[in-house]
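In: build me a model from this:
(one chain, ligands or ions: 5)
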Amino acid sequence: APDIPVANVKAHLQQLQTIATNNGGNRAHGRPGYKASVDYVKSKLDAAGYRTTVQQFTTSGRVGYNLLADWPGGDEDSVLMVGAHLDSVSAGPGINDNGSGSAAILETALAVAREKFQPRQHLRFAWWGAEELGLRGSRYYVNNLSRSEQSKIKGYLNFDMVGSPNPGYFLYDGDDSDGEGAGPGPEGSAEIEKVLEDYFESIGVPTEGTDFDGRSDYGPFIAVGIPAGGTFTGAEQRKTRAQAQKWGGQANVAFDRCYHARCDTVNNINDKALDHNSDAIAHAVWTLSSNPRLLKR
Ligand code: PHE
Ligand code: CA
Ligand code: ZN
Ligand code: ZN
Ligand code: ZN
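Out: Ligands and ions are numbered 1, 2, ... in the order given. This is a model prediction of the structure:
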């Protein structure tokens, strides 16, 4: 897999920041900054040769949009999906939550195009609307697929907050290695976790599992039995002393002190975390979509 240039990911974040600044300070569902964010991401994908579609839905009395981007080629009966929510809360510009995941998967999609990658599986990227209102966009997408379309999706990778300023390195716990909390994801989720784990191990960064507690867009996918996984660098919870010892940063301080706040700006990003996570996304996309032994179902 290619090394994703973190400078490119940061350039997308700067664009999302400017969009928020020019549209009342946010990129929230039903506000002009959301649609402008969709237009920005879509224009990059269209120029790179993706087949894009904008799916409209209505929630809380306002129109929302999911952006889907298919990379031509691969077995369309065996689809790997990669998603991130593109909306912010109305309190701020949402650069870590979730400009970070949105920009990291965008740059991965653009790397697929630059490399003329020809995966065995078909690749579909998604930017979800209205996550902050309760996973509305991703739920709309999954629930509008037929059973047979759902069964073609062999795995879903989710990225929500991957540049937290006081970062942790969490992987959705597909194998329920700690044996507590929400339990494992659908069969196949453990394979996804393993591929991400292998990447972080290769760069010497320790990881921890985090439960599928239903707080992000993998929720509707696992609810219908689609294997899922992904990374997360932490939200409002505070980093423990033990975590600060292994990851650095500040103990007893939130992973993201600007979570859902006005200060979630371009200054609220840890570049190293953003870089490691962007490279992990590329590693997972390349590995999972090329190895015929992975994600069979
Ligand atoms: N989905 C939450 C939000 O957007 C953040 C979150 C992501 C929490 C992943 C837990 C795990 O506010
Ligand atoms: Ca990189
Ligand atoms: Zn949020
Ligand atoms: Zn989020
Ligand atoms: Zn695990």
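
In: how about the contacts made by the closest residue to Trp247 other than its chain neighbours?
Out: Nearest non-adjacent residue to Trp247, counting by CB to CB, 6 or more residues apart in numbering: Gly168, 6.0 Å away. No exception for glycine: its C-beta is placed from N, CA and C like everyone else's. Gly168 is in contact with 208, 232-234, 239, 243, 247, 255, counting by CB atoms under 8 Å, 6 or more residues apart in numbering.

In: Gly168 sits in which helix or strand?
Out: Using DSSP states H and E, Gly168 falls within no helix or strand.

In: near ligand 5, from the contacts of Gly168?
Out: Counting by CB under 5 Å from the ion, nothing from the contacts of Gly168 sits close to ligand 5.

In: out of these, who's nearest Gly101?
Out: Nearest to Gly101 out of those is Phe232 (CB to CB; 9.0 Å).

In: residues near the closest one, how many?
Out: By other CB atoms under 10 Å, the residues close to Phe232 number 24.

In: show me which residues of this protein sit near ligand 1.
Out: 97, 131-132, 160-161, 215-216, 232, 235 (CB under 6 Å from any ligand atom).

In: same thing but 8 Å
Out: 85, 89, 97-98, 131-132, 158, 160-161, 170, 210, 213, 215-217, 232, 235, 259-260 (CB under 8 Å from any ligand atom).

In: filter these to the buried ones?
Out: 85, 89, 97-98, 131-132, 158, 160-161, 170, 210, 216-217, 232, 235, 259-260 (16 or more other CB atoms under 10 Å).

In: avg pLDDT for stretch 11-30?
Out: For stretch 11-30, mean pLDDT is 99.

In: got the buried residues for that stretch?
Out: Those would be 12-13, 15-17, 19-20, 23, 25-30, for stretch 11-30 by 16+ other CB under 10 Å.

In: show the contacting residues for the residue lying closest to Cys263 once chain neighbours are set aside.
Out: Once flanking residues are discounted, Cys263 sits nearest to Gly92: 6.8 Å by CB to CB, 6+ apart. Going by CB under 8 Å, 6+ apart, Gly92 touches 20, 25-26, 258, 260-265.

In: so which of the contacts of Gly168 belong to helices?
Out: If you go by DSSP state H, the contacts of Gly168 have 243, 247 in helices.

In: okay if I get the contacts of Gly168 as TSV plus pLDDT?
Out: Formatted as TSV, the contacts of Gly168 follow (pLDDT from 0 to 100):
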residue	pLDDT
Glu208	98
Phe232	98
Thr233	99
Gly234	98
Lys239	98
Gln243	98
Trp247	98
Phe255	99
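
In: kindly indicate which of the contacts of Gly168 lies nearest ligand 1.
Out: Phe232 (4.6 Å; CB to the nearest ligand atom).

In: and that closest one, what are its bridge partners?
Out: Under DSSP bridges, the beta-bridge partners of Phe232 are Phe170.

In: ok so, going back, show only the entries of the buried ones among the residues of the chain next to ligand 1 found in strands.
Out: Those of these mapping onto strands are 85, 158, 170, 210, 232, per DSSP state E.

In: ok, the first one touching Ser216?
Out: Pointing back at His85 there. Yes - His85 is within contact range of Ser216, at 7.4 Å (criterion: CB atoms under 8 Å).

In: quick check: neighbours shared by the two?
Out: 131, 160.
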